[in-house]
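J.: Need a 3D model of the following:
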Amino acid sequence: MYYYLLILAVAVERLVELAVARRNTRWSLAHGGREFGRDHYPVVVSMHALLLVSCVVEVWAVKPPFIAWLGWPMVAVVALSTAVRWRCVAVLGKRWNPRLIVIPDAPVVRDGPYRWVRHPNYAAVVAEVAALPLIHSAWLTAVVFSIANALVLTVRIRAENAALGYV
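T.: I've put the predicted structure just below:
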């Protein structure tokens, strides 16, 4: 029961992210922003939505046990990854967006977690995608969506690096 409430809380958090993203998209486009990687964005959104659905379905259908030595550390990983992702949002401010919108002549952000890692948000997402299902031993979901996420992020990071002039 608690696991389903956690998944619901993550879903609500994702909806909040989308609302922030919508606002930031309007701001970025109004400031000359140009969108890149538009083709892969629906795949990213779909994958994250299906991850939540799969977490619920696997736990409901398979009824795996909650394994405390695994589940509690995974709760910590999810909490930490969420904190890192929101720190990225705070550091990027109005420029944060799950869409790939680049504002011409805007400097690349190198503050906060971007000081140490080029893509800290994606590192946090990798951890979260693996950890969220493992909280309740949803191994199949963890493996399948970790692989799917790796494929999606490969495309996304290449597009982002090209858009930011890293390539």
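J.: for this structure, what spans make up the helices?
T.: Along the chain, the segments classed as helices by DSSP state H run 2-30, 41-62, 68-92, 120-134, 139-163.
J.: So for residue 112, which of the ones you listed sits nearest?
T.: With respect to residue 112, and counting by Cβ to Cβ, the nearest of the helices of the chain is helix 68-92 at 3.6 Å. The C-beta positions use only the backbone N, C-alpha and C, and glycine is treated the same way.
J.: now the angle from that closest one to helix 120-134?
T.: 150 degrees (axes from the mean of the first three to the mean of the last three Cα atoms, to 10 degrees).
J.: From the contact counts, what lies against helix 68-92?
T.: On a contact count with 3 or more Cβ pairs under 8 Å, 6 or more residues apart in numbering; DSSP states H and E, helix 68-92 meets helix 2-30, helix 120-134.
J.: give me that answer again for 6 Å
T.: Helices and strands touching helix 68-92, as assessed by 3 or more Cβ pairs under 6 Å, 6 or more residues apart in numbering; DSSP states H and E, comprise helix 120-134.
J.: follow-up on the earlier one: of the helices of the chain, flag the one that's most buried.
T.: Per residue and on average, the most neighbours among these fall to helix 120-134, with a mean of 21 (mean count of other Cβ atoms under 10 Å).
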